[in-house]
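A.B. asks: Would you be able to build a 3D model of this:
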Amino acid sequence: MSLVYAGVVSHAPGMTGRADLVENVDEQNRLYAALDNQRQEIAASGAEVLIVVAAEHFANFFMNNMPAFCIGIGDKHHGPIEDPDWLKIAKTEIPGAPETAAFIAREVMQSVDIAYAEEWRCDHGIMVPLNFLTPEYDLPVIPVNINCQGPPLTPLHRAWAFGEALRAACDLSDKKIALIGTGGISHWPATPDSGRINEDFDRTFLAQLMSQDKDALLSYSDTETYEQAGQGGFEIRTYIAAAAAARGQGTLQYYTADLPIFAVGCTVARFDLT
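C.D. replies: Residues are numbered from 1 along each chain as shown. As a prediction, this is how the structure comes out:
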């Protein structure tokens, strides 16, 4: 079949875990409405499988073995690894798509070196999006990680090439596939600056992402990103991969820096597919 939907979404654990502490309830409701709209768009696309391209938060890998890219090919996945009382998401079993995932892995390997895993533990980076986009966990999921955590980080141009390879593989698959890139833009998790959001950085990056300005997107150095967007900003790799897979212009459906309790600028966007 083909890739039938592509978008990006934030995955901050506060979006579920600190929902009851929000003061700006109207803004929170707008975020949740945008997420529900994305859920409906994915359903309307007829997607039979959902690929979630996320950042590795040391849930499955550590510095003794950190792949640049990994695709989960198991028949089921488990999450969250975090305390459900903290994340406010119950532990569950998530259906995989082993045949489709293995096919995609083989096709991606034709141009990009990857790792694969038959066992996958999902942390908030995948569980928060799934909580909103497939709340019944009834859509098979292929988890994908990009190394956004442990230096040397996956180079941005390789994240773009990975997105292109994912698109080529999806278009050769016999399934209708939706793809979501999920991360933060500027955020400083687990630091004294946690809660800080650089809205200027976020909006500049999102404008470049929506316009498919490849040269600008791949021009960020890790030093610049760290200074302007924190270590959490390294997750721009997942957004870049999604843009490369889509090929088309994007529509920023929602962005706000006015929910600092979530410790990230919250984003929901989709791409045209070309």
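
A.B. asks: Show me what residue 5 bridges to in the sheet.
C.D. replies: Residue 5 has the following beta-bridge partners by DSSP bridges: residue 178.

A.B. asks: so how far is residue 259 from it?
C.D. replies: Applying Cβ to Cβ, to the nearest Å, the value for residue 5 to residue 259 is 25 Å. C-beta coordinates here come from the backbone N, C-alpha and C atoms, glycine included.

A.B. asks: For residue 229, which residues are in contact?
C.D. replies: 185-187, 198, 201-202, 205, 236 (Cβ atoms under 8 Å, 6 or more residues apart in numbering).

A.B. asks: got the residue ranges for the helices in the stretch 51-200 of the chain?
C.D. replies: Using DSSP state H, counting those that start in this stretch, the helices of the stretch 51-200 of the chain run over residues 84-87, 98-108, 124-133, 156-172, 199-210.

A.B. asks: And the pLDDT for residue 192?
C.D. replies: Residue 192 is assigned 86 on the pLDDT scale.

A.B. asks: Okay, it and residue 230: tell me how far apart.
C.D. replies: In this view, residue 192 and residue 230 are 11 Å apart by Cβ to Cβ.

A.B. asks: Give me the more crowded residue out of these two.
C.D. replies: Comparing residue 192 with residue 230 by neighbour count (other Cβ atoms under 10 Å), the higher total belongs to residue 230, at 25 against 7.

A.B. asks: that older thread, with mean pLDDT, mean neighbour count and distance to residue 74 as added columns, please give the helices of the stretch 51-200 of the chain in TSV.
C.D. replies: As requested, the helices of the stretch 51-200 of the chain are exported to TSV (pLDDT from 0 to 100; neighbours: other Cβ atoms under 10 Å; distance: least, Cβ to Cβ, whole Å):
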stretch	mean pLDDT	mean neighbour count	distance to residue 74
helix 84-87	97	15	21
helix 98-108	98	20	6
helix 124-133	98	25	13
helix 156-172	98	21	18
helix 199-210	98	18	30
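
A.B. asks: closest one to residue 33 among those helices?
C.D. replies: helix 124-133 (10.6 Å; Cβ to Cβ).

A.B. asks: quick revisit: of the contacts of residue 229, closest to residue 248?
C.D. replies: residue 205 (17.9 Å).

A.B. asks: and the residue nearest to the closest one when sequence neighbours are not counted, what is it in contact with?
C.D. replies: Using Cβ to Cβ, 6 or more residues apart in numbering and skipping the chain neighbours, the partner closest in space to residue 205 is residue 185 (5.8 Å). If you count contacts by Cβ under 8 Å, 6+ apart, residue 185 has them with 10, 201-202, 205-206, 229, 233, 235-236, 239, 264-265, 267.

A.B. asks: separation between residue 185 and residue 232?
C.D. replies: For residue 185, the distance to residue 232 - Cβ to Cβ - is 8 Å.

A.B. asks: who touches both of these two?
C.D. replies: With Cβ under 8 Å, 6+ apart as the test, residue 185 and residue 232 both reach residue 264.

A.B. asks: report the angle between the axes of the biggest helix by length in the chain and helix 124-133?
C.D. replies: Scanning the chain for the helix with the most residues, using DSSP state H, yields helix 25-44. If you take axes from the mean of the first three to the mean of the last three Cα atoms, to 10 degrees, helix 25-44 sits at 80 degrees to helix 124-133.

A.B. asks: Show me what helix 25-44 is packed up against.
C.D. replies: Contacts defined by 3 or more Cβ pairs under 8 Å, 6 or more residues apart in numbering; DSSP states H and E place helix 25-44 against strand 2-9, helix 124-133, strand 247-256, strand 266-273.

A.B. asks: one step back: closest to residue 60 out of the helices of the stretch 51-200 of the chain?
C.D. replies: helix 124-133 (10.5 Å).
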